[in-house]
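Asks: next comes the sequence, and after it the predicted model I'd like to discuss.
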Amino acid sequence: MSQKQENTTPLHNGIVRIGFIPLIDCAPFVIAKEKGFFDAESVDVVLSKEASWASIRDKVAFNVLDGAHMLASMPIAATLGIGTMKKAMQTSFTVSHNGNGITIGNALYDQLQNYSDSAADIRTGLALKKLIDNRDEQSTPLRFAIVYPYSSHNYQLRDWLSRVGINPDEDVQITVVPPVKMLDALKSGEIDGYCVGEPWNSLAVEQGVGHMLVTGYEIWGSTPEKVFGVNSLWAEQNELAHLAVIRALEKACAWVDEAENQTELLEILSHPDYLNCTVEQLVYGFSAIKPKGQFDWPMEAYQRFSGSEINKPLPSYALWIMAQMHRWQQLEEVPSLNEVAEQVYRKDLYYKALGLDVEKDDSWRLSSSSESNWLEAVSTGSVSLHPEGILKGFSE
Amino acid sequence: MSAPPEKELTVMLVDNEPARAAIVEQAMTDSGYRVIRRLENAKNLTEAVNQYQPDMVIIDIESPDRDILENMSRLTQDNPRPIVMFAEEDDSRHVEAAIRAGVSAYVVDGVNSGSVKALLQVAIARFREFHALRSELETVKSQLEDRKLIDKAKGLIMKHQQCDEPAAYKALRKLAMDRSQRMTDVARNIISVMELMGGAK
């Protein structure tokens, strides 16, 4: 498979070029290709392995790719021009929910023992807060890694830190490390902890290099993780192909979640064209089996790929993400939050693709009074996600 | 050595292709810019940027370490010079050309955009040149391979039909024309058939 698209400007005739990052949640794209779900929809898809989220964003923005496996916040950031040039992107299909976790290295974990009365103090971050308060101001700040600044990992880590009164911008340093380098960075002491998807949390536990503290689910409940994001102009001009890809992905997601397909799934994903790793490394990404000891994953925290609850685009999540961007100084204001949410998280195309009756549900919309105050309300914590996640809405 | 003051823009190059990085660096130096650091990988990229404070970072679009730079505009506490993806609205064409050439660039806020554009042009041109050189090399390599295949097939025909080289070549060409196939493909078929029959040795 050709993976570089340097210099070429292919005039694609019906070919859909989709980028992906070699992470376990690219599985539905790979499976749709390898198991013939794209073929069954008569859509000619070329997958292109990409090396960074920035590359995914730029290539979709400038039509080198038509769409991609994207972080759920990426189409919002691109549409609003946050950290990049303003380019309209949208999504009508959520690929996965959940799967993140926060892990700290052994050295930090050992230090935290001196500041905790119970294991719970370490899990909640209270011990970390005490440790930071007692640190010499001259010492280098603790470093936590994320994979990208506009990501659930960044926002969940910051949310978790601030719940115990740690200021993520002043009390610690948040840095970016590509996911495949996380474990090594933790081992070498380059970073003290990270927030990342599987299998990197479980592998740290298994290899005895770190301690997992909390899952993303325990911070935010069930929330979208990756989406199929596309260039809006492309979507407008190629609706049939777009809808066909959505149908294929929906079937692929169901296939990925089917336990009996797991052996085959891991074998396909481990191939050099995709994740280029051993099958063993991937096991923790999909099964309910996690390394023994130290940390018990709640059932709900596993990454999930299928079902209308998972795959349906949720404009309410776009509202939540914009508030996170505001909270962490990435976004000042938005003229109309409802409008952006509706334009970027396009539910109508999801229904159209799957031939479902359009659910006339506008309950996610903010009333004009709460819209004007939304970014602040979330930032100050007076509105939060329902403990079970975005499908249950927000609690005030 | 005289450095024109208006071009005092400093650049850091991050590229895991040392040959390409050398070409780009040379071109920039020739145009009067200062390349203050060339990194082959992004180990300690954050530290390097903080230490050398470049006005602009140019990095291969295929580098997995780009996402590190995306975060640098947020490291305000120890990096007072924010680095953002070169993203002026009116420069869409420049960015597109850069992306297609495989160049991505991050510039410090407030740097003269004329110089940035000129510098970007230099990088784009050299990336393209490098790409062209590499494709050319690949073409030559594959032509050599083709040549070898055709020679081998010719040899087999000569042995099998007890004919001379021009006759073997003619037979091969006729076969290709009759089947509307490339000579190389016909040669490959002949070799595999002969190997199957044990006559390729």
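Replies: Received the coordinates, thanks. Model, not experiment: these values are computed from the prediction.
Asks: show me which helix runs longest in the chain.
Replies: All of this refers to chain A. Secondary structure of chain A per DSSP state H: the longest helix is helix A:239-257.
Asks: you answered for a different chain; I wanted chain B.
Replies: In chain B, with assignment by DSSP H, the single longest helix is helix B:113-161.
Asks: name the helices or strands packed onto it?
Replies: Contacts defined by 3 or more Cβ pairs under 8 Å, 6 or more residues apart in numbering or on different chains; DSSP states H and E place helix B:113-161 against helix B:18-30, strand B:56-60, helix B:92-101, strand B:103-108, helix B:165-179, helix B:183-196. All C-beta atoms are positioned from the backbone trio N, CA, C, and that covers glycine.
Asks: and the ones you listed: which comes nearest chain A?
Replies: Closest to chain A of the helices and strands packed on helix B:113-161, according to Cβ to the nearest Cβ: helix B:92-101, at 4.7 Å.
Asks: buried set for the closest one?
Replies: The neighbour-count check on helix B:92-101 (16 or more other Cβ atoms under 10 Å in any protein chain shown) flags B:94, B:95, B:96, B:97, B:98, B:99, B:100, B:101 as buried.
Asks: of these, which ones also sit close to chain A?
Replies: Filtering those for proximity to chain A (criterion: Cβ under 8 Å from any Cβ of the partner chain) leaves B:95, B:96, B:99, B:100, B:101.
Asks: contacts only, for the second one.
Replies: To tie it back to what came earlier, the one meant is residue B:96. Going by Cβ atoms under 8 Å, 6 or more residues apart in numbering or on different chains, residue B:96 touches residue A:62.
Asks: and the residue nearest the centre of the chain?
Replies: Unless you meant another one, I'm taking chain A. Centrality entry for chain A: nearest residue to the mean C-alpha point is residue A:225, 3.3 Å, by Cα atoms, centre = their mean.
Asks: should've been chain B
Replies: The centroid of chain B falls nearest to residue B:131 when counting by Cα atoms, centre = their mean (3.6 Å).
Asks: that residue reaches residue B:101, doesn't it?
Replies: Yes: between residue B:131 and residue B:101 there is a contact under Cβ atoms under 8 Å: 7.5 Å.
Asks: look up phi and psi at the closest residue to residue A:59 other than its chain neighbours.
Replies: Sequence neighbours aside, residue A:65 is the residue nearest to residue A:59 in space, at 4.3 Å (criterion: Cβ to Cβ, 6 or more residues apart in numbering or on different chains). Dihedral pair for residue A:65: phi -120, psi 160, per degrees, to the nearest 10.
Asks: okay, now residue A:65: neighbour count?
Replies: 26 (other Cβ atoms under 10 Å in any protein chain shown).
Asks: kindly report the same for residue B:25.
Replies: Applying other Cβ under 10 Å, I find that residue B:25 has 18 neighbouring residues.
Asks: contacting residues for it?
Replies: Residue B:25 makes contact with B:13, B:35, B:38, according to Cβ under 8 Å, 6+ apart.
Asks: out of those residues, who has the most neighbours?
Replies: Compared across the contacts of residue B:25, residue B:13 has the highest neighbour count, 23 neighbours, by other Cβ under 10 Å.
Asks: how about that one, secondary structure?
Replies: Secondary structure of residue B:13, reduced to three states by DSSP: H, G, I helix; E, B strand; the rest coil: strand.
Asks: can you tell me the closest non-neighbouring residue to it?
Replies: residue B:38 (4.7 Å).
Asks: secondary structure element for the one you found?
Replies: Residue B:38 is part of strand B:34-39 when elements are defined by DSSP states H and E.
Asks: next up, phi/psi of residue A:238, please.
Replies: Main-chain torsions, residue A:238, degrees, to the nearest 10: phi -130, psi 50.
Asks: chain B contacts on chain A?
Replies: With Cβ under 8 Å from any Cβ as the criterion, chain A meets chain B at residues A:4, A:6-7, A:9, A:51-55, A:58-59, A:62, A:64, A:81, A:83-86, A:146-149, A:169-170, A:173-178, A:180, A:329-330.
Asks: same thing but 7 Å
Replies: By Cβ under 7 Å from any Cβ of the partner chain, the residues of chain A that approach chain B are A:4, A:6-7, A:9, A:51-55, A:58-59, A:62, A:64, A:83-86, A:147-149, A:175-176, A:178.
Asks: PyMOL command to pick out the buried ones of those residues?
Replies: In PyMOL syntax, the buried subset of those is picked out as below (16+ other Cβ under 10 Å):
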select buried, chain A and resi 6+51+52+53+54+55+58+59+62+64+83+84+85+147+148+149+175+176+178
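Asks: from the residues of chain A next to chain B, which land in helices?
Replies: Among those, DSSP H puts A:53, A:54, A:55, A:58, A:59 in helices.
Asks: out of those residues, who's nearest residue B:51?
Replies: Distance to residue B:51, by Cβ to Cβ, is smallest for residue A:54 among these, at 22.5 Å.
Asks: how about that closest one, what does it touch?
Replies: By Cβ atoms under 7 Å, 6 or more residues apart in numbering or on different chains, the contact set of residue A:54 is B:66, B:67, B:70.
Asks: now stretch A:380-393: mean pLDDT?
Replies: The average pLDDT within stretch A:380-393 is 94.
Asks: check the offset of that stretch from the chain's centre.
Replies: Per Cα atoms, centre = their mean, to the nearest Å, the displacement of stretch A:380-393 from the mean C-alpha position of its chain is 17 Å.
Asks: least trustworthy helix or strand in chain B by mean pLDDT?
Replies: When the helices and strands of chain B are scored by mean pLDDT, DSSP states H and E, strand B:83-85 comes last with a mean of 64.
Asks: quick one on the thing from earlier: which residues are in contact with the strand holding residue B:38?
Replies: Strand B:34-39 is contacted from outside by B:10-14, B:21, B:25, B:28-29, B:45, B:48, B:52, B:54, using Cβ under 7 Å, 6+ apart.
Asks: pLDDT added to these, as TSV?
Replies: Formatted as TSV, these follow (pLDDT from 0 to 100):
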residue	pLDDT
B:10	86
B:11	89
B:12	90
B:13	91
B:14	90
B:21	89
B:25	91
B:28	88
B:29	89
B:45	82
B:48	86
B:52	85
B:54	87
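Asks: quick one: least confident of the contacts of residue A:54?
Replies: Least confident entry in the contacts of residue A:54, by pLDDT: residue B:70, with 85.
Asks: enumerate every residue touching that residue.
Replies: By Cβ under 7 Å, 6+ apart, the neighbours of residue B:70 are A:54, A:83, A:148, A:149, A:176.
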